[in-house]
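Novice: build the 3D model from these lines:
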Amino acid sequence: RFSGLSKHRSTLGKLFFSGAAIGFNWIFLFEAYRFTSVALSTLSYYFAPTIVIIGSSILFKERLTARQMVCFFVSTAGLVLIIGVSGGGSNDFIGILYGLGAAVLYGLVVLTNKATGVIDGLTRTWLQFAAAIIVLLPYTFLVDGFHILELRQTGIVNLLVLGVVHTGIMYYFYFSALAHLKGQQAAILSYIDPIVAVLLSVLLLHETITAWQLGGGLLILGATLVNELKRNRANTPGYKVVV
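Specialist: As a prediction, the model looks like this:
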């Protein structure tokens, strides 16, 4: 499975860079959760597709259509609403900035994968996770150290479920499914994530979200969805922009 990659050093380099970006993406996203609510972190994180639109026009010379420009400005307006009415003071603002940082890093992951050509989902997953581990181990050691021995049995089980099920298996399904979904399907299914995240944060964690913040999130999600449906209507998907 990996033997053919030795002939493509540039591809290996791109996948390593992408894996490193995934690692720091996790760091920024978890920091966002620490400073602000899951809802605000998730909604700001979903600015990533807008970043991909701009990045694609710069890196791959993809022409920006009038619809894409409108979607960009609508998404930006939604982001301004979320940031401008954050009720938790400086902590909310810091958390939203971390969410945006995670969005930028995820945009780099998508753009880099787009430049690697056709590689099966399992190979992508293994190589990028290996790179993420290489980056995260020294970072964790230098910044906070390792405290796994301090975890109770429940904490260890939760950590294993998070790492194996919600990360490893999920990313394998994610990378594999993108090659078989129509663009419209991929775009629509991607919005299950933020909707569920916002609902669970309110129902289970009892976090609050204002009408203005919810409206800003809907502007971001709606603009991105409209752009994705239009852009993918006539295309057969390879690696699609799904966050």
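Novice: in the protein, where's the longest helix?
Specialist: helix 9-35 (DSSP state H).
Novice: from the chain's centre, how far out does the helix or strand following it sit?
Specialist: The element immediately downstream of helix 9-35 (helix or strand, assigned by DSSP states H and E) is helix 38-45. Centre-to-centre, helix 38-45 and its host chain are 11 Å apart (C-alpha atoms, centre = their mean, to the nearest Å).
Novice: do stretch 34-54 as well
Specialist: Relative to the centre of its chain, stretch 34-54 is centred 8 Å away, using C-alpha atoms, centre = their mean.
Novice: hang on, residue 91 packs against residue 33?
Specialist: No - look at residue 91 against residue 33 with C-beta atoms under 8 Å: they stay out of range, at 11.7 Å. (Each C-beta comes from the backbone N, C-alpha and C, glycine too.)
Novice: who's more crowded, the two?
Specialist: Using other C-beta atoms under 10 Å as the criterion, residue 91 and residue 33 rank with residue 33 on top: 16 against 12.
Novice: and the pLDDT for the more buried one?
Specialist: pLDDT recorded at residue 33 is 91.
Novice: what do you get for the one 3 residues further on?
Specialist: According to the model's per-residue confidence, residue 36 sits at a pLDDT of 89.
Novice: now it: how far from residue 220?
Specialist: 16 Å (C-beta to C-beta, to the nearest Å).
Novice: more crowded one of these two?
Specialist: Between residue 36 and residue 220, counting by other C-beta under 10 Å, residue 220 is the more crowded of the two (27 against 23).
Novice: any stretches of the chain with poor pLDDT?
Specialist: Applying pLDDT under 70 to the chain picks out residues 1-8, 84-89, 117-118, 121, 175, 178-190, 230-243.
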